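Q: Sequence unavailable; structure follows:
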């Protein structure tokens, strides 16, 4: 996994490892800029079917673009998501249920996934993510 930036280069407190550590106390905090991103390389092909993401309200993204590819291929756009500016967990289904905002992700097989946070709700373009989950099936 790779990220576009880390706030003040403070990897210990705001690094990419916090995207997946399951702690409600830690987060990935990007530095400022117009477009932030996270790239995930899987050791073998996966069929991605869901995306779970939890931003910090005020530091979320109005537009998330998902791109993916197989090894040796170029990234292609899979989906565009329009998350809420909220601290609530958001899940990739096209309906609202139990207070969770849900949005559509087209199921696809890939080895690499890139999530671009195109339009931050923060004036300086920072994005804060407490939880990122990519669900699917290993092939």
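A: Received it, and whenever you're ready, just let me know what you need. Bear in mind the structure is a predicted one, so any value in this text is a computation, not a measurement.
Q: before we move on, what SS does the most far-flung residue of the chain relative to its centre have?
A: Taking CA atoms, centre = their mean, the residue of the chain most remote from its mean C-alpha position is residue 72, at 22.4 Å. Here residue 72 is recorded as coil under DSSP: H, G, I helix; E, B strand; the rest coil.
Q: Quick one, grab the pLDDT at it.
A: pLDDT, residue 72: 93.
Q: just residue 94 next, same as before
A: Residue 94 carries a pLDDT value of 44.
Q: cool, residue 34 as well?
A: The model's pLDDT for residue 34 equals 83.
Q: How about residue 102?
A: What the model reports as pLDDT for residue 102 is 52.
Q: try residue 116
A: pLDDT, residue 116: 96.
Q: Looks like it contacts residue 65 (just checking).
A: Yes - using CB atoms under 8 Å, residue 116 makes contact with residue 65 at a distance of 4.5 Å. C-beta: built from backbone N, CA, C; applies to glycine.
Q: any idea how far residue 15 is from residue 87?
A: Look at residue 87 and residue 15: by CB to CB, to the nearest Å, they are 20 Å apart.
Q: Those two: who's more crowded?
A: Shown here are residue 87 and residue 15; by other CB atoms under 10 Å, residue 15 has more neighbours (18 against 15).
Q: Surely the more buried one touches residue 6?
A: Yes - contact criterion CB under 8 Å: residue 15 and residue 6 qualify, at 5.5 Å.
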